[in-house]
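**Q** Predicted structure and sequence below. I'll ask about it afterward.
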Amino acid sequence: MVTLGGLARKILGSSNERRVKALRPLVAEINQLEGEIQALSDDELRARTDMFRKQLAEGTKLDDLIVPAFATVREASKRVLGMRPFDVQMIGGMVLHQGAISEMRTGEGKTLVATAPVYLNALAGKGVHVVTVNDYLAARDSEWMGRIYKFLGLSVGVIVHGLEDEERREAYACDVTYGTNNELGFDYLRDNMKYDRAQMVQRGHHYAIVDEVDSILIDEARTPLIISGPLDDRSDTYNSVDALILQLVKEDYEVDEKLKTATFTEDGTEKIENLLHAAGLLKGDSLYDIENVAMVHHVNNALKAHRLFQKDKDYIVRDGEIVIIDEFTGRMMPGRRYSEGLHQALEAKEHVQIQPENQTLASITFQNYFRMYEKLAGMTGTASTEAEEFGNIYNLDVIEIPTNLPVQRKD
């Protein structure tokens with residue numbers, strides 16, 4: 001039995017097919033312009049950029065320039081790269097311009113697809129960011145596709161690891177900027193730690209096209225980017241408190257290994273207060289006075305280190321360092337550290353050098369960073385499976401772009 005929805009799809013096509021079909025007349029207009037633009041000299045083709053910018057300044061809407069701008073980029077690509085974007089690549093570019101995700105099969109030329117919408121949106125002069133997954137791709141694409149933009153009179157920058165602030169500022173000031181999600185995110189965090197707006201490197205978040213968008217915006221969405229800095233050296237306090245914990249007996253504390261908690265009993269609290277007083281580490285009469293908040297933190301961590309964490313089970317000591325053992329895999333996790341002073345308490349327990357505590361100075365997730373853009377788009381070969389998440393989180397539609405030639409493989 002055919003459902004009403006199935007009948008409608010059969011007659012009208014799916015929403016994806018209708019969206020693609022609506023763009024085909026624009027492709028036809030671009031094709032009609034091809035002969036006219038082909039007759040232009042290089043200088044005349046380049047001059048179209050200034051013409052478009054003048055039209056925008058006079059009030060023309062960006063959408064009204066889709067056809068002439070896309071036709072201009074197609075001709076520039078033919079002359080500079082020897083590649084003529086196919087009609088389906090033009091459709092993919094329009095989907096990106098509309099602020100949606102172009103899902104294209106592997107080998108359909110996603111890198112070239114982005115050039116037309118990047119050019120069109122860069123005409124506004126607010127900067128366009130093309131986001132890739134690593135420095136190699138950012139550098140390669142900025143050089144490769146950058147030839148088209150430069151031919152048409154646009155400036156191109158690239159953000160990779162190791163650049164100084166001035167170099168980053170110059171790259172972000174360009175019409176088109178390539179970079180990785182990590183570099184762009186950390187630049188935003190560093191900018192928020194600057195004291196003067198003139199020291200910032202980014203100039204805003206106007207429009208971004210994210211390559212491998214499912215990887216960056218879904219798989220790594222909740223990954224936090226964190227900038228941290230060391231606190232004052234308090235190794236003497238950790239060592240002093242560690243020595244006092246050794247004087248406690250079982251009646252002084254309660255341990256719940258299942259919940260991973262260790263707390264002082266009433267007798268234990270009184271005993272640790274007396275020990276802290278005698279050692280000159282307590283301010284006032286009570287451990288729980290406001291001025292002793294930091295000391296409560298120290299004694300609680302020291303108690304956990306001694307009563308909840310076992311050497312050679314939860315951690316090992318190697319080369320004078322505490323190395324955490326993953327409780328699920330049993331593997332060592334070098335470089336990982338417990339937070340909030342617990343790792344320092346373990347270092348004091350094992351009498352190794354105590355590293356300074358770090359505090360979080362700035363943090364943001366990729367999800368929150370990319371939602372700041374006025375317009376966001378993406379490309380990938382596999383987005384349909386996460387279409388609902390893209391819609392709910394980023395308000396992004398996923399549009400499947402037809403292949404240039406029929407697919408021979410039968411799935």
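**A** Sure, I can see it.
**Q** Stretch 298-310: which residues count as buried?
**A** Of the residues in stretch 298-310, 298-309 count as buried by neighbour count, 16 or more other C-beta atoms under 10 Å. All C-beta atoms are positioned from the backbone trio N, CA, C, and that covers glycine.
**Q** just stretch 245-252 next, same as before
**A** Residues of stretch 245-252 classed as buried by neighbour count (16+ other C-beta under 10 Å): 245, 248, 252.
**Q** Could you do stretch 322-330 as well?
**A** 322, 324-325.
**Q** same thing with stretch 72-84?
**A** 72-78, 80-81.
**Q** Which stretches in the stretch 101-250 of the chain count as strands?
**A** 101-103, 128-132, 156-159, 176-180, 207-211, 224-230 (DSSP state E, counting those that start in this stretch).
**Q** and the second one with strand 207-211, angle?
**A** So the one you mean is strand 128-132. 20 degrees (axes from the mean of the first three to the mean of the last three C-alpha atoms, to 10 degrees).
**Q** neighbouring strands for strand 128-132, and are they parallel or not?
**A** strand 176-180 (parallel), strand 207-211 (parallel) (DSSP bridges).
**Q** I'd like those as TSV, with mean pLDDT, mean neighbour count and distance to Thr269 appended.
**A** Converted to TSV, the strands paired with strand 128-132 look like this (pLDDT from 0 to 100; neighbours: other C-beta atoms under 10 Å; distance: least, C-beta to C-beta, whole Å):
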stretch	mean pLDDT	mean neighbour count	distance to Thr269
strand 176-180	97	26	51
strand 207-211	96	25	53
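**Q** Please name whichever of those is nearest to Ser14.
**A** strand 207-211 (24.6 Å; C-beta to C-beta).
**Q** okay, now Ala243: neighbour count?
**A** 12 (other C-beta atoms under 10 Å).
**Q** Repeat that for Glu357.
**A** 21.
**Q** contacting residues around the residue lying closest to it once chain neighbours are set aside?
**A** Nearest non-adjacent residue to Glu357, counting by C-beta to C-beta, 6 or more residues apart in numbering: Leu231, 4.4 Å away. By C-beta atoms under 8 Å, 6 or more residues apart in numbering, the residues touching Leu231 are 356-359.
**Q** thinking again about what came up before, tell me the one of the buried residues of stretch 245-252 nearest Ile399?
**A** Ile245 (61.4 Å).
**Q** Read off the pLDDT value for the nearest residue to the closest one once chain neighbours are set aside.
**A** Spatial nearest neighbour of Ile245, chain neighbours left out: Ala302 (4.5 Å); criterion: C-beta to C-beta, 6+ apart. What the model reports as pLDDT for Ala302 is 95.
**Q** Any stretches of the stretch 151-300 of the chain with poor pLDDT?
**A** Within the stretch 151-300 of the chain, the set of residues satisfying pLDDT under 70 is empty.
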